[in-house]
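Peer 1: no sequence on hand, only this structure:
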């Protein structure tokens, strides 16, 4: 009986260890469109720290700008906050979400915030494809931002 109990606790402990090691990044490796989801789903998938790798598009559709040391941190539990480190937008601010119209996706939630220069920003959370979070500026000539979790 003693060996049987040890075996049971060993197997049970192993299962708990594997379950505790899986985190949000494992969940984010699947493809999921977020623009058509409820706000709670969008926020749950964005929560955390993301590294910006490049921006693509805009008025010049084949424009690409690479980034090596740019990070965005989303704290979306209670007060929705965004903090950026380096890169094209400097922000340490609160996000204001509103239901609205995207130029590409139709009805969705728009992520609005003011950067450190008090310039308004308006983004659409497109989705997570493989391990890449894609958001874009809410405009007719949108620039798309590509992140991976770190």
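Peer 2: Perfect, I can see it now. These numbers were taken from a predicted model, which means no experiment stands behind them. Numbering: from 1, shown residues only.
Peer 1: now the element after the helix or strand that residue 66 is a member of, going C-ward?
Peer 2: Here residue 66 sits within strand 64-75, counting by DSSP states H and E. Using DSSP H and E, the helix or strand that follows strand 64-75 in sequence is strand 81-85.
Peer 1: tell me who's in contact with the residue nearest the centre of the chain.
Peer 2: Residue closest to the mean C-alpha point of the chain, counted by CA atoms, centre = their mean, is residue 46 at 3.1 Å. Neighbour list for residue 46: 34, 74, 76, 125, 133 [criterion: CB atoms under 8 Å, 6 or more residues apart in numbering]. For every residue, glycine as well, the C-beta is placed using N, CA and C.
Peer 1: give the pairing partners of the strand holding residue 66; include direction for each.
Peer 2: With DSSP bridges as the test, strand 64-75 is paired with strand 48-57 (antiparallel), strand 81-85 (antiparallel).
Peer 1: so which of these is nearest residue 101?
Peer 2: strand 48-57 (19.2 Å; CB to CB).
Peer 1: what about the closest one, average pLDDT?
Peer 2: Strand 48-57 comes out with an average pLDDT of 96.
Peer 1: cool, stretch 84-98 as well?
Peer 2: Rounded mean pLDDT across stretch 84-98 is 95.
Peer 1: if you count neighbours, what's buried in it?
Peer 2: 84, 87, 89, 91, 93, 95, 97 (16 or more other CB atoms under 10 Å).
Peer 1: these two touch, right, the fifth one and residue 81?
Peer 2: In other words, residue 93. Yes. Counting by CB atoms under 8 Å, residue 81 is a contact partner of residue 93 at 7.1 Å.
Peer 1: overlap in contacts of these two?
Peer 2: With CB under 8 Å, 6+ apart, residue 93 and residue 81 have no common neighbours.
Peer 1: before we move on, the earlier item: could you dump the contacts of residue 46 to CSV with distance to residue 109?
Peer 2: Output for the contacts of residue 46, formatted as CSV (distance: CB to CB, whole Å):
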residue, distance to residue 109
34, 9
74, 14
76, 12
125, 7
133, 15
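Peer 1: now the strands paired with strand 64-75 in CSV, with distance to residue 69?
Peer 2: Below are those laid out as CSV (distance: least, CB to CB, whole Å):
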stretch, distance to residue 69
strand 48-57, 8
strand 81-85, 8
